[in-house]
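Q: Have a look at this prediction, sequence included:
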Amino acid sequence: MAMNKMYVAISKKAQDADLKLIDFNQGLRTIYLDGTFRKIKSKHKKLLKELQKKSGHSGSDDSGEE
């Protein structure tokens, strides 16, 4: 499974932009530390494998990442 970096963008013009970014990062850290992130990743990895199997794709890539 290839892992891609993801980014979040919040307009500097948005009301409380700094607080929104802080809240997002705190939430992400929370789900990472409590195992929720791992569970989501595992669930979607299984779904991706099922879709690849149905479509005839092997799902392998050259990235070497899992």
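A: Okay, I see it.

Q: Figure out how far whatever helix or strand Lys39 lives in is from the centre of its chain.
A: Using DSSP states H and E, Lys39 sits within helix 36-55. Mean-position distance between helix 36-55 and its chain equals 12 Å (C-alpha atoms, centre = their mean, to the nearest Å).

Q: what helices or strands is it leaning on?
A: Packing partners of helix 36-55 (3 or more C-beta pairs under 8 Å, 6 or more residues apart in numbering; DSSP states H and E): helix 17-33. C-beta here means a position set from N, CA and C on the backbone, and glycine is covered the same way.

Q: Report the inter-axis angle for the helix it packs on versus helix 36-55.
A: The directions of helix 17-33 and helix 36-55 differ by 80 degrees, with axes from the mean of the first three to the mean of the last three C-alpha atoms, to 10 degrees as the criterion.

Q: Now do helix 17-33, average pLDDT.
A: Mean per-residue pLDDT for helix 17-33: 95.

Q: Pull the distance from that helix to the chain's centre.
A: Helix 17-33 has its C-alpha centroid displaced from the chain centroid by 14 Å (C-alpha atoms, centre = their mean).

Q: Not counting it itself, show me its contacts.
A: Val8, Ile10, Ser11, Ala14, Thr36, Phe37, Ile40 (C-beta atoms under 8 Å, 6 or more residues apart in numbering).
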